[in-house]
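[1] dropping a prediction and its sequence here:
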2 protein chains.
Amino acid sequence: MKTIRLTLAQINCAVGDIDANSRKILYCIEKAKKLKSDIIIFPELSLSGYPPEDLLLKPHFITKCHQYLKKISHSSNSILAIIGSPYFDKGELFNAAIVMYNKKIIGVYKKIFLPNYGVFDELRYFKPGKKSGVLCLPQGLNIGINICEDIWQANGPASIESTAGQAKIIINISSSPYHAGKLNLREKILTQSAKANKAFIIYCNMVGGQDELVFDGASMCFNPNGRLLCRAKSFEEDLLTLDIPDQGLFRAKLRLKGNSKKTIEYFKLGMQFKEKKSFYPCRKEKKLGKLEEIYKALVFGLRDYCSKNGFKKVALGLSGGIDSSLVATIAVDALGKDNVLGLSLPSQYSSPGTKTDALILAKNLGIKFQIIPITDIYKHYLKLLKPAFNRQRLDITEENLQARIRGNLLMAFSNKFNYLVVTTGNKSELSVGYCTLYGDTVGGFALIKDVPKTLVYKLAGFRNKIEGAKIIPESVFRRAPSAELRKNQTDQDSLPAYKTLDAIIDAYIEKDKSASSIVKKGFSETLVKRVIRMIDRSEYKRRQYAVGVKITPKAFGRDRRMPITNRFQE
Amino acid sequence: MKTIRLTLAQINCAVGDIDANSRKILYCIEKAKKLKSDIIIFPELSLSGYPPEDLLLKPHFITKCHQYLKKISHSSNSILAIIGSPYFDKGELFNAAIVMYNKKIIGVYKKIFLPNYGVFDELRYFKPGKKSGVLCLPQGLNIGINICEDIWQANGPASIESTAGQAKIIINISSSPYHAGKLNLREKILTQSAKANKAFIIYCNMVGGQDELVFDGASMCFNPNGRLLCRAKSFEEDLLTLDIPDQGLFRAKLRLKGNSKKTIEYFKLGMQFKEKKSFYPCRKEKKLGKLEEIYKALVFGLRDYCSKNGFKKVALGLSGGIDSSLVATIAVDALGKDNVLGLSLPSQYSSPGTKTDALILAKNLGIKFQIIPITDIYKHYLKLLKPAFNRQRLDITEENLQARIRGNLLMAFSNKFNYLVVTTGNKSELSVGYCTLYGDTVGGFALIKDVPKTLVYKLAGFRNKIEGAKIIPESVFRRAPSAELRKNQTDQDSLPAYKTLDAIIDAYIEKDKSASSIVKKGFSETLVKRVIRMIDRSEYKRRQYAVGVKITPKAFGRDRRMPITNRFQE
């Protein structure tokens, strides 16, 4: 049987840890050899991790990648391996797919389309490649190679590889960051590409968390009709293996048209396919539901951040509100209940209801729980400040002070016992600056900073539903949200209803809409302008906020680079 | 007399404030008309401010720029104006120089070389232009136009404009960010360009502060021999006017070679030079000394940040150490003594010497001063935490707690009286993370975050010297630096001597040197690796730090984009 077997190594690479990444690559190569695979494929920049950012400006970082590529190539004796790595050639740096076989590097494909929008800065580091890449096997099978963004271009290298290059299989190695719905988008693009190029599409994606980003894996293969053949797991490492039988594919003329050499780099090699006893069964992991997918992204993002940064346990303030409740459940799902500490830090303004709910939640989750009332220390501050503040009225100063005392206490636990403090603020709050800098914003990882409040409720509801129990107490959902920093305060004293607020945030932040076009959607002009003003004026708070998992198409951070000093008025 | 008069309008533009920027532009146009100038030149992106960052992704922001360009053009009836603005053309956005005359936009030059390194992200927003630009005056004078980075390229548009385009004058509009020594670098590049192109170089630079950046102005003109003819002020708005007499320059053939049209866009216009009664005298502002220049950059950076963000006054913690002493003098020079509040927040570990020095400094400067001891509240925290901390030893937790109490108090004054809190940490501390997050790091503007400790001493000495008095007490210079967070603590318990530390920081951060190459400079390997490890592990602190003035070639922030999750080990 003339069949080619491919293994997609969807691995979790650590940025900068070339040594560990290469060990993982070697481990997968050995596994794939045992599976009798002919080709093994690794994600984009798998050797360096993605995105390595300014590590790429260190010449010795690149040198180390080259050294390890050579080392890895020595293991490629009976399998063809395609590995993503930064690659330095004639004074220029490329985002490359290194092709190895028979203990040698037989070719280097250089990414042509370098994304430089959203979270991406690839033109800061890389030069674009100029030629598409085609691997020519003696069986008459041509395989196109390209990297991530390349395949999102309708007339990009995949098209050249399949037409001029006669490629019947196109391999794309990716590190495609997650946002909700991205998998559907990828499926659509890859189906289109398979059909347009009349080729199998083999798409190997990165998995793992890296600061603001989560890579969700879900590597996929499509047949030339655009049908999904197999899919790897989401948010987990996975090896996905696929057999492609001849079916009339293997008929590329080895004598290639001369003029195609201008646009294509051909990598020829004399590989024989391994003997296979049987057809390897396809595996298609099921697609996650919308809420499940986001929830998993958050769990995975937190777990991987902790693991890669050397934290075993996390602490958070449990206010009895919906945000900290959700963060607590995610933390338990990510790290286990024994590794989560909930601190209840009530003041004189904390209601019996929220205090009880914090306690019930902690009990339901079985996490460590401590109560430290802040009222006395708060009063002590007031006394200390009284001479300076004289007879000034209580205002936001005193509200912030309470939040900052809580921040101090959380950080004290962090320092003393090495907890990572997880910030519990959501995207709606952070957008309009409804948070206290150095208060409720303290922490090293802002887990739900990209989750709008309305979605916080949905995710909390989802978590209760899969538990089949009200692990987050029902009253947490019902109670009007409040920062509880003064008497009878609710969020809606200062903010519009969250449904309205989130819709304006979506239009203004995600979609860059103008005030007037948001007003046309049916919101009051005064309200829209007020919200926009709040968003613009809070940029300094966001700049001092921790990183957290991106789940929307436009998150704060590398994704949205707004000036703090900004006098643009809609 | 056949003489052309040019006015360089070195203006301070506010990012986003298209309306205010355009008013400033119109004001300068009217002034230049009165000076009988033939041409007025504004800096790069003067209409939008620079860098507008993701404001450029808002279509209505660009539309507003276009509307205002049209409005401004109506004032260009008797003067030719060259204005920097984002410009949208056939679905693509450009960084452009808009040429206006006779109430019309007669040409648009599109920047060709878009910097995308260091602090620059221009490829995120703009498409590169394809043609050099030459303005053809009927007198037979051709004038080349280009933008900032364009002239840093030896074979860039200036070269094409002067050869194929026969330009004898080359105008470059810039927004070139300051770092120490940048002016010398610019002078060198522009001298070279003048000589190589045998042309006058008219270089109009932005002035102003924008978040991390300061634009220092110092606009300049050079003759074709590379001699500096005139220079505008540094760190101030300025109008610089220059007369260029014919001297055989005005001899370009109006009938241009056809093939040069492929590389050059010609803007022809029928302008007559204005009658001039006398030659306008050149003005050459003196170059500042190295320390004076940096000191002025810091003063200007703080003043402009305050003014553009609506702050009149600042507060800072006065510890009696050198960092806060320097920051206090800069703040006074920037905003006046009445707008500076120094808070002395001593603990049981504060020495009489530092407490006295803080007081003396405040007196010398004449600033507002308050003393609020933190010992009681610190003890209160310890009591509160005792049950949870049990019999754990005192450690960094309690040190950080003191710093965080101070942070809370500073922020309370900020909230109550609308002070901008100025963070007093220096680059050496921030590099190795020798600072407490949410403690001494609080603040909206981190004035000296890019100033290494050794330079802090020099700048403080410089300030005393120009005062001709020990405004910063001598003992502040002599005392061993200490955070005073435990008994008999000094910085050098945890860190190498600052001279050594700063040298390693310079090699590792500024120059991206590897550990081994730093060791070769004569430092111990253990020390180098320890310092590098401290630097790498502190990235999360830097990510939550305020913006501050860039004064070195590589500052933290947009300039150095390192991952927090980073497992690269030297």
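    Happy to help now that I have it.
[2] so what's the residue lying closest to residue A:110 once chain neighbours are set aside up against?
    Among residues not flanking residue A:110 along the chain, residue A:129 sits closest, at 2.7 Å (C-beta to C-beta, 6 or more residues apart in numbering or on different chains). (C-beta placed from N, C-alpha, C; glycine too.) Neighbour list for residue A:129: A:94, A:96, A:109-112 [criterion: C-beta atoms under 8 Å, 6 or more residues apart in numbering or on different chains].
[3] which residues of the stretch 251-400 of chain A score low on pLDDT?
    A:252-259 (pLDDT under 70).
[4] enumerate the residues of it near chain B.
    Neighbours of chain B within the stretch 251-400 of chain A, by C-beta under 8 Å from any C-beta of the partner chain: A:305, A:308-309, A:370, A:372, A:376-377, A:380-381, A:384-385, A:388-389, A:392, A:395-397, A:400.
[5] repeat for the stretch 401-550 of chain A
    Taking C-beta under 8 Å from any C-beta as the measure of proximity, the stretch 401-550 of chain A contacts chain B at A:401, A:404-405, A:407-409, A:411-413, A:415-416, A:437-438, A:442, A:444, A:512, A:514, A:516-517, A:540, A:543-547.
[6] tell me which of those residues fall in helices.
    A:401, A:404-405, A:407-409, A:411-413, A:415-416, A:516-517, A:540, A:543 (DSSP state H).
[7] going by neighbour count, which of the residues you listed comes out on top?
    When neighbours are taken as other C-beta atoms under 10 Å in any protein chain shown, the top entry among those is residue A:404 (30 neighbours).
[8] report the two of the ones in helices among the residues of the stretch 401-550 of chain A next to chain B separated the most.
    A:416 and A:516 (52.5 Å; C-beta to C-beta).
[9] what's the distance between residue A:332 and residue A:467?
    11 Å (C-beta to C-beta, to the nearest Å).
[10] tell me which of these two has more neighbours.
    residue A:332 (22 against 13).
[11] phi, psi of the more buried one?
    Here is the backbone geometry of residue A:332 (degrees, to the nearest 10): phi -60, psi -40.
[12] any idea how far it lies from residue A:420?
    14 Å.
[13] cool, residue A:249 as well?
    50 Å.
[14] go on, residue A:182?
    Counting by C-beta to C-beta, the gap from residue A:182 to residue A:420 is 27 Å.
[15] residue A:464 now?
    From residue A:464 to residue A:420 the distance is 25 Å (C-beta to C-beta).
[16] next one: residue A:267
    Following C-beta to C-beta, the distance that separates residue A:267 from residue A:420 is 45 Å.
[17] of those two, who's got more company?
    Higher neighbour count among residue A:267 and residue A:420: residue A:420, with 23 against 20, using other C-beta under 10 Å.
[18] which residues touch that one?
    Here residue A:420 is in contact with A:305-306, A:309, A:311, A:313-315, A:414, A:443-445 (C-beta under 8 Å, 6+ apart).
[19] ok, the spatially closest residue to it that is not a sequence neighbour - contacts?
    Leaving aside its sequence neighbours, residue A:420 sits nearest to residue A:311 (C-beta to C-beta, 6+ apart; 4.0 Å). Going by C-beta under 8 Å, 6+ apart, residue A:311 touches A:305, A:418-420, A:444.
[20] just residue A:149 next, same as before
    Applying C-beta under 8 Å, 6+ apart, we find residue A:149 in contact with A:111, A:113-115.
[21] then residue A:454?
    With C-beta under 8 Å, 6+ apart, residue A:454 has these contacts: A:428, A:498-499, A:502.
[22] part of a helix, is it?
    Yes. Assessed with DSSP: H, G, I helix; E, B strand; the rest coil, residue A:454 lies in a helix.
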